[in-house]
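J.: Whatever this is, show me its structure:
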Amino acid sequence: MRVLFYYNGGVHIGVEHLSSYLKSKGHEVELVFDPGLGNNFFLNLPVLNKFITDDLILKKAKKFKPDILAFSIITNLYPIVKEMAKKLKKALNVPVIVGGIHPTSIPEYVIEEDWVDILCIGEGEEPFEELLDKMEKKESILNIRNLWVKDSEGEIHKNPLRPLIKDLNILPFADKSLFYKYGAISSRIMIMTSRGCPFHCTFCVNSFRKSLYPNEQYLRRRTVDNVIEELILLKKEYKPKAFRFEDDVFTYNLGWLKEFRQKYLEHINLPFHCYLSPTTATDPILNELKLSGCTSVAMGVQSGDEEIRKKLLKRNHSDEEIIDAARRIKEHKLKLVSEFVFGFPTETPKEMWKSLRLNEKLNAYNTSTFIFYPFPKTELADYCLENNYLTQENYELIKRGYGSFQLTSLLDHPYLDEIYKFKAILPIYNKAKILKPFLRQMLKVKYGFIHKFLYIFSIPLIDFDEFIIRIIAIPRMIIKSRRVLNSN
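T.: Down below sits the predicted model:
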């Protein structure tokens, strides 16, 4: 069977894993990719979209002649995917399957779209392969676990979930070639060693996904040998300068890290970046990271107010624990990227100033800031609905994917201007020591043009190393994407 994926904006590890799994079962897989430079999460610059037109994408899709179209959808890309999916379905007249966190969170909403024929909830490898096998044999596809399927009469068959894949080692390595030919693979390659998260943060989609499997081990990890084998192949094939481990928390298992350090140094020995939490930033763990070649870590702080963190977000870290974690990170000579979110329900300017002051004490290399976005079915989104911070009208916009955690607050929040001011200024405040008096004053004046200008200036300071890598990659991505989409 011939499977055509569409993706927009950047590399998607989930699509890479689906591609490699389906290829291992004998199916042909292709990708039509749009860099989406004009509608990224940071800035809206539609003029950049003229480099990759819909006609180019449709032309490439028609040449491939797929048997099925596949879309993995995150919430904030839903509007873009929806418009392209309609055009592709009309041009190709083949079934459409959707998966990813957005369809998994609100399947009853997404399945009602007239362009959606099949919806996958949860992990997609096994149900997708079973679907293709039955389509090829012309057997009924109405009773495949994890899938919601529309029949010829429009009735929706909602099948139960299958168990999670317990042993991740059985899966083939991610298919990087899918995005590489489009120039989307940078010099710092993204990889994941696990699925799931050990924590229960109320604002995160993991809190919802975990609830789907109450009697199963949600957090699973590949063996060190399996990870190293993949890294060896990636190093040989793509010659990266560094790796970026995208696990929600890379540092939760000290024993695994010790084994990883020994084998990573022997076989890979390249710099890498990863994510940790204040509770996992212990001296033994940080020592293993540093010895392994880790150069930078991102740590989610989220709020400078303990009550918000503990009662609202279920992040049980005291200010002292966070400050101590940052101190240890610097003692081990690792660059710290601290992460803060503004615009939580109940948050006032007083708590926002606490975030600024706490971050001063962390002395981070860079600071990433976000605007709270109530992703569907998360515990904090439900809280916002129940406590009148989120109107039904705005929740409808969220289900349709509008807004983003970089640009928009959709809460009925009394301090919207302050949210935008702190989000724009904190990354600059973290770096520009001499400008701190001026920036503090800007936080006290009415929101306006100067804050919007400062926001643009703050973008590279969110993660300067990654920003440079992505800026360098843009021309290559445009040239290669046009070349691939125009090829036979």
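J.: Show me what the mean pLDDT comes to for stretch 453-460.
T.: The average pLDDT within stretch 453-460 is 90.
J.: ok, now stretch 412-420?
T.: Averaging pLDDT along stretch 412-420 yields 96.
J.: Next: stretch 386-398.
T.: Per-residue scores along stretch 386-398 average to 96.
J.: Stretch 207-221 now?
T.: Throughout stretch 207-221, pLDDT has a mean value of 92.
J.: in that stretch, what counts as buried?
T.: Neighbour counts over stretch 207-221 (16 or more other Cβ atoms under 10 Å) mark 207, 208, 209, 210, 218, 219, 221 as buried. Quick note: C-beta positions are derived from backbone N, CA and C, even for glycine.
J.: gap between the two ends of that stretch?
T.: Taking Cα to Cα, to the nearest Å, the first and last residues of stretch 207-221 lie 18 Å apart.
J.: State the separation between that stretch and the centre of the chain it belongs to.
T.: Stretch 207-221 sits 18 Å away from the centroid of its parent chain (Cα atoms, centre = their mean, to the nearest Å).
J.: before we move on, the earlier item: with distance to residue 398 added, can I get the buried residues of stretch 207-221 in a markdown table?
T.: Converted to a markdown table, the buried residues of stretch 207-221 look like this (distance: Cβ to Cβ, whole Å):
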| residue | distance to residue 398 |
| --- | --- |
| 207 | 16 |
| 208 | 14 |
| 209 | 17 |
| 210 | 20 |
| 218 | 24 |
| 219 | 27 |
| 221 | 32 |
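J.: Just the ones of those residues in helices?
T.: Judged by DSSP state H, those include 207, 208, 209, 210 as members of helices.
J.: Could you double-check that residue 129 lies in contact with residue 20?
T.: No. Taking contacts as Cβ atoms under 8 Å, residue 129 lies outside contact range of residue 20: 11.6 Å.
J.: Would you mind extracting the C-alpha trace of the helix or strand of the chain with the lowest mean pLDDT into CSV?
T.: Ranked by mean pLDDT, DSSP states H and E, the weakest helix or strand in the chain is helix 464-486, scoring a mean of 85. Output in CSV follows, covering the C-alpha atoms of helix 464-486 (Å, rounded to 0.1, in the frame of the first residue of the first chain):
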residue,chain,number,x,y,z
PHE,A,464,20.0,31.3,21.0
ASP,A,465,21.8,28.1,19.9
GLU,A,466,18.7,26.6,18.4
PHE,A,467,17.7,29.9,16.9
ILE,A,468,21.0,30.2,15.0
ILE,A,469,20.7,26.6,13.8
ARG,A,470,17.2,27.2,12.4
ILE,A,471,18.0,30.5,10.8
ILE,A,472,20.9,28.9,8.9
ALA,A,473,18.6,26.1,7.9
ILE,A,474,15.9,28.3,6.3
PRO,A,475,17.5,28.8,2.8
ARG,A,476,18.5,25.2,2.6
MET,A,477,15.0,24.1,3.6
ILE,A,478,13.3,26.3,0.9
ILE,A,479,15.7,25.2,-1.9
LYS,A,480,15.5,21.5,-1.0
SER,A,481,11.7,21.5,-0.5
ARG,A,482,11.1,23.1,-3.8
ARG,A,483,13.4,20.7,-5.5
VAL,A,484,11.7,17.6,-3.9
LEU,A,485,8.2,18.8,-4.6
ASN,A,486,9.1,19.5,-8.3
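J.: Just the buried positions in that helix, please.
T.: Buried residues in helix 464-486 (16+ other Cβ under 10 Å): 464-466, 469-470, 473, 477-478, 480-482, 484-485.
J.: and if you look at stretch 322-329?
T.: Buried residues in stretch 322-329 (16+ other Cβ under 10 Å): 322, 325, 326, 328, 329.
J.: what's the average pLDDT for it?
T.: For stretch 322-329, mean pLDDT rounds to 98.
J.: Next, residue 303: phi, psi?
T.: The phi/psi pair for residue 303 (degrees, to the nearest 10) reads phi -140, psi 150.
J.: That one: what's it in contact with?
T.: 309, 313, 340, 341, 344, 347, 351, 354, 355 (Cβ atoms under 8 Å, 6 or more residues apart in numbering).
J.: For the residues you listed, work out which two are farthest apart.
T.: Pairwise distances across these (Cβ to Cβ) peak at 13.9 Å, for the pair 313 and 354.
J.: which one of those two has more residues nearby?
T.: The neighbour comparison of residue 313 against residue 354 (other Cβ atoms under 10 Å) goes to residue 313, with 25 against 19.
J.: just checking, that one touches residue 204?
T.: No. Residue 313 lies out of contact with residue 204 (Cβ under 8 Å); the separation is 9.1 Å.
J.: about what we covered before: in strands only, show me the contacts of residue 303.
T.: Cross-referencing those against strands under DSSP state E gives 340, 341.
J.: what's the closest non-adjacent residue to residue 172?
T.: residue 20 (4.2 Å; Cβ to Cβ, 6 or more residues apart in numbering).
J.: From residue 14, how far off is that neighbour?
T.: 11 Å (Cβ to Cβ, to the nearest Å).
J.: repeat for residue 118
T.: Between residue 118 and residue 14 the computed distance is 17 Å (Cβ to Cβ).
J.: Then residue 34?
T.: From residue 34 to residue 14 the distance is 17 Å (Cβ to Cβ).
J.: With neighbour numbers in mind, choose between these two.
T.: Higher neighbour count among residue 34 and residue 14: residue 34, with 23 against 19, using other Cβ under 10 Å.
J.: these two touch, right, that one and residue 58?
T.: No. The criterion here is Cβ under 8 Å, and residue 34 misses it with residue 58 at 11.4 Å.
J.: And the protein, what are its domain boundaries?
T.: According to automatic domain parsing, the chain comprises the domains 2-166, 186-472.
J.: In CSV, list these along with distance to residue 175.
T.: Below are those laid out as CSV (distance: least, Cβ to Cβ, whole Å):
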stretch, distance to residue 175
domain 2-166, 4
domain 186-472, 11
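J.: Quick one: closest of these to residue 179.
T.: Per Cβ to Cβ, nearest to residue 179 of these: domain 2-166, 4.8 Å.
J.: Excluding chain neighbours, what is closest to residue 129?
T.: The spatially closest residue to residue 129, leaving aside those adjacent along the chain, is residue 25, at 5.1 Å (Cβ to Cβ, 6+ apart).
J.: Give me the neighbour count for that neighbour.
T.: Neighbouring residues of residue 25 were enumerated by other Cβ under 10 Å; the total is 14.
J.: wait, residue 56 sits on residue 487?
T.: No. Under the criterion of Cβ under 8 Å, residue 56 is not in contact with residue 487, lying 10.7 Å apart.
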